[in-house]
Structure formats: C-alpha cells, structure tokens
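> Structure for this input, please:
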Amino acid sequence: MDIQRRMANFVAKSNWYLFVVATLLGFINTPFKFALGILCGGLLVTLNFHLLRHTLYKAFDPSRMVFSSGSMTSYQGRSILNVVLFKYYIRFAISGIVIFVLINKNIVEPMGLIIGLSVVVASIMAATTLELTRLIFKEAV
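From the prediction side, this is the model:
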C-alpha cells in the first residue's frame, strides 16, 4: 500500500508543478489564445483529479464504511460504487460542457487545450517511471 499512496501523493503534487510550468511557458512562448488553452485545460484536469482523489479517500474511509449482507456501503447506506460513479459522471459532464464552450466560442486554441488536459497524464507517467526506476534499482542492489 505504500507504493500506491506514494504515487498518489506524487501525482497530486506534480500536477500543480507541471500545470504552473506549462502555463508559464505557454504565456512566454506562444500566442495568448494558445496559452489560455493550456491554462484552462490544465486547471480543469487538475481540479478534476483532486476532486476525484478527495471523493475516493472520503468514500473508502474505514470510519464511514458499513458492511451489510456482504457488501460495502457508505455511512449513508448507499453503495460506494454508486456514489463515486455519480460524482464522477457529474464532473465529466461539467468538464465536457466547459470544453465545448471554450472551443465553440473560440476562447482558446484547441491544441493548447489538449496540452493543458495532458498535465495529469504527464504526471502519472512521471510517477510510474519514478516507481519503476526505484523498483529496478532496489532489486539490483
């Protein structure tokens, strides 16, 4: 469980670092609409990731769980899966609407938005690479 927690913490922190660095580089090196796309996409995906992380930690908090007839339910008697999926789909729909409005109203450059939306993917790839490197060098020693 230590590796999963360490990776989640690394991704949570590195999301913000990558977001700030990508946004600053975007505003320094690219046109305003492109940089605004990086800003909006990065902010949207980073906030979504943190809200999902908070939802999962809250849902799987042992003090809130109740076991009834062999299945896990939340403290309010609802299925944990239903609660998490409902919140996920609400965030997904809101994100889709925001992305649609940003592109449809020509507020941002779509490629900048895609780069901004890739912030979490980049931080997950970095966390995976770091953990694999730790495991490989740990076995080599």
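> contacts and neighbour counts: CA atoms only from here.
Noted.
> And the host helix or strand of Phe10, what does it pack against?
Element membership of Phe10, judged by DSSP states H and E, is helix 2-29. Identification of packing neighbours for helix 2-29 by 3 or more CA pairs under 8 Å, 6 or more residues apart in numbering; DSSP states H and E yields helix 32-59, helix 119-140.
> Helix or strand with the lowest mean pLDDT in the protein?
Least confident element among the helices and strands of the chain, by mean pLDDT, DSSP states H and E: strand 71-73 (a mean of 59).
> hang on, the earlier thing: export the helices and strands packed on helix 2-29 to CSV and tack on mean neighbour count, mean pLDDT and distance to Gln4?
CSV is the format used below for the helices and strands packed on helix 2-29 (neighbours: other CA atoms under 10 Å; pLDDT from 0 to 100; distance: least, CA to CA, whole Å):
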stretch, mean neighbour count, mean pLDDT, distance to Gln4
helix 32-59, 20, 93, 12
helix 119-140, 14, 89, 10
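> Tell me which of these sits nearest to Ile97.
Evaluated with CA to CA, these place helix 32-59 nearest to Ile97, the distance being 11.5 Å.
> and the closest one, what other elements does it pack with?
helix 2-29, helix 80-104, helix 110-117, helix 119-140.
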